[in-house]
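Q: Only the shape, not the letters, is given here:
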């Protein structure tokens, strides 16, 4: 029995922004390795099963985390290493992935919604446009000292840095070539109820950070692609204001948005309960020796719906009972004629015709003379 390790992206913060696959892996995990400082506790509380072992990544050393992976390899446990956002973005994935590979563990990487994409979605802007920015530069907290070199590209820059050093960040952005009028989006705890989302400019960056009392790690989006749209001004003179016509589709969408969201989230919970029940059955059937967790089987084989009818066993087909009488015909069973059955028709065989091109040159046809018209 081989242990499994899944590196799961928890999303930008909200518990319902994790992927369905990530929620399944959390429901099936024996051990969850996570850092409460970067991943919300609500995500673990909502998706992990009650009996799972929780390991605080911020309070253990790297060797102790490797020991958790080694124990999983020996006992066949399923481990989830939970990352904020996406595991492949500022998550330190490579070192842990290679350590699990050396231990002979089965490895899976489940992508997640990044904080960068969630922040851009919150302000309704794309990060790259063909007019002003055709690329995106991602700067990790470790590369904060090289902001000047990264800003020299003049494109959209996503920087994760301490908000307490906003003055230093603004200085390096100016030195890299950004003007004071360059749009900046400040995103802190994006997608959470206490999120801070500020649209400002590079010249007002430091004052905006102080105004909202930010000092922890914050995401800064910088670039002309984030410029706010120009709002339509007031009507000139006596020009009437056109009210949008009511749309049944929009009304239904507005009234049913919350109910559909609850239904979708309920479906996620059903998937989790299915995974947890299969895990419990596997443990009960295996006894003290343990059993292989049905992680792959839970994805490939959906739960059998209640009230489903099993197919009948192969064998001779029973004949239908005799017809007493035809509909609309009176009389005894003997008087009723037997229904006529159509004789079986054998399937027609398809004739395959092979056509071969001739290599013999065709003889020219003799010239035809014109027929003379009859006169008289």
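A: Nice, I can see it. Everything numeric here is computed off the predicted structure, so don't read it as measured data. Residues are numbered from 1 along each chain as shown.
Q: Show me the contact partners of stretch 113-125.
A: 9, 11-13, 17, 19, 84-86, 89, 126-127, 138, 158, 160, 185, 187, 190-191, 195, 197, 199, 219, 221, 225-228 (Cβ atoms under 8 Å, 6 or more residues apart in numbering). Placement of C-beta: from N, CA and C, glycine included.
Q: Apply 6 Å and report the result again.
A: Applying Cβ atoms under 6 Å, 6 or more residues apart in numbering, the contact partners of stretch 113-125 are 11-12, 17, 85-86, 89, 127, 158, 185, 187, 190-191, 197, 219, 221, 226.
Q: Report the buried residues of it.
A: Using 16 or more other Cβ atoms under 10 Å as the test for burial, stretch 113-125 gives 113, 114, 115, 116, 117, 118, 119, 120, 122, 125.
Q: quick one on the thing from earlier: now, the contacts of stretch 113-125 that are in strands?
A: 158, 185, 187, 197, 219, 221 (DSSP state E).
Q: picking up where we left off before, how about the buried residues of stretch 113-125 in JSON lines, adding secondary structure and distance to residue 208?
A: Output for the buried residues of stretch 113-125, formatted as JSON lines (DSSP: H, G, I helix; E, B strand; the rest coil; distance: Cβ to Cβ, whole Å):
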{"residue": "113", "secondary structure": "coil", "distance to residue 208": "25"}
{"residue": "114", "secondary structure": "coil", "distance to residue 208": "23"}
{"residue": "115", "secondary structure": "helix", "distance to residue 208": "19"}
{"residue": "116", "secondary structure": "helix", "distance to residue 208": "19"}
{"residue": "117", "secondary structure": "helix", "distance to residue 208": "22"}
{"residue": "118", "secondary structure": "helix", "distance to residue 208": "20"}
{"residue": "119", "secondary structure": "helix", "distance to residue 208": "15"}
{"residue": "120", "secondary structure": "helix", "distance to residue 208": "18"}
{"residue": "122", "secondary structure": "helix", "distance to residue 208": "16"}
{"residue": "125", "secondary structure": "coil", "distance to residue 208": "17"}
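Q: picking that back up, pull the most distant pair out of the ones in strands among the contacts of stretch 113-125.
A: Greatest spatial distance among these (Cβ to Cβ): 158 and 197, at 14.5 Å.
Q: who has more neighbours, the two?
A: residue 158 (25 against 16; other Cβ atoms under 10 Å).
Q: these two touch, right, that one and residue 138?
A: Yes. With contact defined as Cβ atoms under 6 Å, residue 158 reaches residue 138; the gap is 5.2 Å.
Q: and the end-to-end length of stretch 35-44?
A: Taking Cα to Cα, to the nearest Å, the first and last residues of stretch 35-44 lie 10 Å apart.
Q: Just give the nearest non-adjacent residue to residue 11, would you?
A: Beyond its immediate neighbours in the sequence, the residue positioned closest to residue 11 (Cβ to Cβ, 6 or more residues apart in numbering) is residue 17, lying 3.7 Å away.
Q: Neighbours of that neighbour, how many?
A: Residue 17 has 19 nearby residues by other Cβ under 10 Å.
Q: Quick check, pLDDT for it.
A: At residue 17, the pLDDT value in this model is 95.
Q: who's in contact with it?
A: By Cβ under 6 Å, 6+ apart, the neighbours of residue 17 are 11, 113, 191.
Q: Can I get the residues you listed in TSV including pLDDT?
A: Converted to TSV, the contacts of residue 17 look like this (pLDDT from 0 to 100):
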residue	pLDDT
11	94
113	95
191	93
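Q: quick check, nearest of those to residue 102?
A: Nearest to residue 102 among these, with distances taken as Cβ to Cβ, is residue 11, at 29.1 Å.
Q: is it true that that closest one touches residue 110?
A: No. At 10.8 Å, residue 11 does not count as touching residue 110 under the criterion of Cβ under 6 Å.
Q: Among the buried residues of stretch 113-125, which one sits closest to residue 207?
A: residue 119 (20.1 Å).
Q: mind listing the helices for this protein?
A: 20-28, 41-47, 62-75, 93-102, 115-123, 147-151, 166-176, 205-211, 248-286, 295-300 (DSSP state H).
Q: so of those helices, which one's packed in deepest?
A: With neighbours defined as mean count of other Cβ atoms under 10 Å, those peak in mean count at helix 20-28, which reaches a mean of 23.
Q: can you list contacts of that helix?
A: 6, 8, 47-49, 78, 80, 110, 268, 272, 275-276, 279, 293, 295.
Q: quick one: which of those is nearest residue 164?
A: Nearest member of the contacts of helix 20-28 to residue 164, counting by Cβ to Cβ, is residue 8, at 30.3 Å.
Q: The closest one - how many residues pack around it?
A: By other Cβ under 10 Å, 30 other residues sit near residue 8.
Q: got it, and residue 146?
A: 12.
Q: who's in contact with it?
A: Residue 146 touches nothing, counting by Cβ under 6 Å, 6+ apart.
Q: out of the helices of the chain, which comes closest to residue 53?
A: helix 62-75 (8.8 Å).
Q: now that closest one against helix 93-102, angle please.
A: Following axes from the mean of the first three to the mean of the last three Cα atoms, to 10 degrees, one obtains 40 degrees for the angle between helix 62-75 and helix 93-102.
Q: Please work out which residues outside helix 62-75 touch it.
A: Here helix 62-75 has contacts from 3, 79, 99, 100, 103, 104, 105, using Cβ under 6 Å, 6+ apart.
Q: Write down the beta-bridge partners of the second one, one by one.
A: In this structure, residue 79 bridges to residue 5, residue 31 when assessed by DSSP bridges.
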